[in-house]
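K.L.:
Please find the sequence and the predicted model below.
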Amino acid sequence: MARGRRLKSYLDYENALGDGIGVGYGQSYQPWLRAQDVKSRGNRSIVFGLKTFRNHHLLSSVESNFFYLAEFNDSVIDIREQFPLFPLRLTQQIANHLHFQHP
């Protein structure tokens, strides 16, 4: 079973944003999902970024590969993984339009 933070309600969502999770940039950025928050049979990894001077929580080998491409590309100045989609109301409208249940 996955450990870590659980975001199950709108109040959890608001509290997480208030705590600075999923927002910010550079060294101060905290990912919305961390490697320990997600149950996986795949390749989760936590990698230290030289551009951002912080740990990056990567949930697949594809994310890891893309991270390394971004890390060593001189035109990239910041890397943020596992960020929430904003604004919430818009994502709810899109899900409703597509007849999906919003997470």
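P.N.:
Now that the structure is in, tell me what you want to look at.
K.L.:
Tell me the secondary structure at the closest residue to Asp12 other than its chain neighbours.
P.N.:
The shortest distance from Asp12 to any non-neighbouring residue, by Cβ to Cβ, 6 or more residues apart in numbering, is to Arg6 (7.0 Å). Heads up, the C-betas are built off the backbone N, CA and C, glycines and all. Look at Arg6: counting by DSSP: H, G, I helix; E, B strand; the rest coil, its state is coil.
K.L.:
Report pLDDT for Arg6.
P.N.:
According to the prediction, Arg6 has pLDDT 76.
K.L.:
Can you pull up the most central residue in the chain?
P.N.:
By Cα atoms, centre = their mean, the chain has its centre lying nearest to Gln82, at 1.2 Å.
K.L.:
which ones are touching that one?
P.N.:
Counting by Cβ atoms under 8 Å, 6 or more residues apart in numbering, Gln82 touches Gly22, Pro31, Trp32, Leu33, Arg34, His57, Leu59.
K.L.:
circling back to that earlier point, what number of neighbouring residues does the residue nearest to Asp12 come out with?
P.N.:
Neighbour count of Arg6, defined by other Cβ atoms under 10 Å: 9.
K.L.:
Now it: phi and psi?
P.N.:
Dihedral angles of Arg6 (phi, psi; degrees, to the nearest 10) stand at phi -120, psi 130.
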